[in-house]
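**Student:** My questions are about this predicted structure, shown below with the sequence.
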Amino acid sequence: MKKLLLAGKVILGAGLIIIFLNSCKNEPKQEDPKEVAEDTNEAKFDSIDDKKDDSEFLVDIAEVNLAEIEIGKLAQTKSTNVEVKKFGKMLVDEHTKSASEVSALAKTKNFTLPTSLTEEGQEEYNKLNEKSGVDFDKKFADMMIDGHEKAIDKLKKASEDAKDEDVKIWASNNIAGLTAHLEHAKMLKQNLDKK
């Protein structure tokens, strides 16, 4: 009788493990919006390398815009520093305008862009959201300097190397605006470092 009871428990336990593993397996992992956009563009332009590079640039800039908008909103709600809040509002306004331009340009070129925060963007947002007070403000300023330096590098490269003339012109026309954001972020950091 004991052997029969033990065998029943083993069978029941194995059945529960299989059910548990199957239920875990059935949950689809959300694909990163940036990867989806890049894969879609790659499929469209696999044989046309110049379009592929230009589409990757616009995907990167769309990713930057999405992140800056969300981080700008966070700065407006979470910071207690007036200058950080103003910078956050400016980010939302300027990057919303940029996102609209990039979207319109991508549409004319038949490029697909991410439409929601990417995994990397979400990670950066979460790291910032964990901070509070002056720590939040300093982390925000550091992120703005780093992010804008990288974005400016991408714009400069595209303004020289983009194969599509419209993409090249758009990149060239937006270097000055992002450079102004970078200088603003550096001043903000200097002021915060004094605290």
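**Tutor:** Looks like it came in fine.
**Student:** tell me the contacts of the residue nearest the centre of the chain?
**Tutor:** Nearest to the geometric centre of the chain sits Gly121, at 3.3 Å (CA atoms, centre = their mean). Listed by CB atoms under 8 Å, 6 or more residues apart in numbering, the contact set of Gly121 reads Glu63, Leu66, Ala67, Glu70. Using the backbone N, CA and C atoms, a C-beta is placed for each residue, glycine as well.
**Student:** Please tell me I have it right and the second one contacts Leu117.
**Tutor:** What it means is Leu66. Yes: between Leu66 and Leu117 there is a contact at 5.3 Å, judged by CB atoms under 8 Å.
**Student:** mind checking pLDDT for Leu21?
**Tutor:** What the model reports as pLDDT for Leu21 is 43.
**Student:** now swap in Gly15 and tell me
**Tutor:** 42.
**Student:** Return the distance of Lys78 relative to Phe140.
**Tutor:** According to CB to CB, to the nearest Å, Lys78 and Phe140 sit 9 Å apart.
**Student:** higher neighbour count, the two?
**Tutor:** Phe140 (27 against 18; other CB atoms under 10 Å).
**Student:** How about the secondary structure of that one?
**Tutor:** Following DSSP: H, G, I helix; E, B strand; the rest coil, we place Phe140 in the helix state.
**Student:** what about the nearest residue to Lys154 once chain neighbours are set aside, neighbour count?
**Tutor:** Leaving aside its chain neighbours, Lys154 sits nearest to Asp60 (5.6 Å; criterion: CB to CB, 6 or more residues apart in numbering). Residues near Asp60, counting by other CB under 10 Å, number 20.
**Student:** you'd agree Ser55 is up against Leu105?
**Tutor:** No: applying CB under 8 Å as the test, Ser55 and Leu105 come out as separate, 10.7 Å apart.
**Student:** More neighbours: these two, which one.
**Tutor:** Between Ser55 and Leu105, counting by other CB under 10 Å, Ser55 is the more crowded of the two (26 against 19).
**Student:** just to revisit the earlier point, how about the contacts of Gly121, which pair is most distant?
**Tutor:** Spatially, the most separated pair among these is Glu63 and Glu70, at 11.3 Å (CB to CB).
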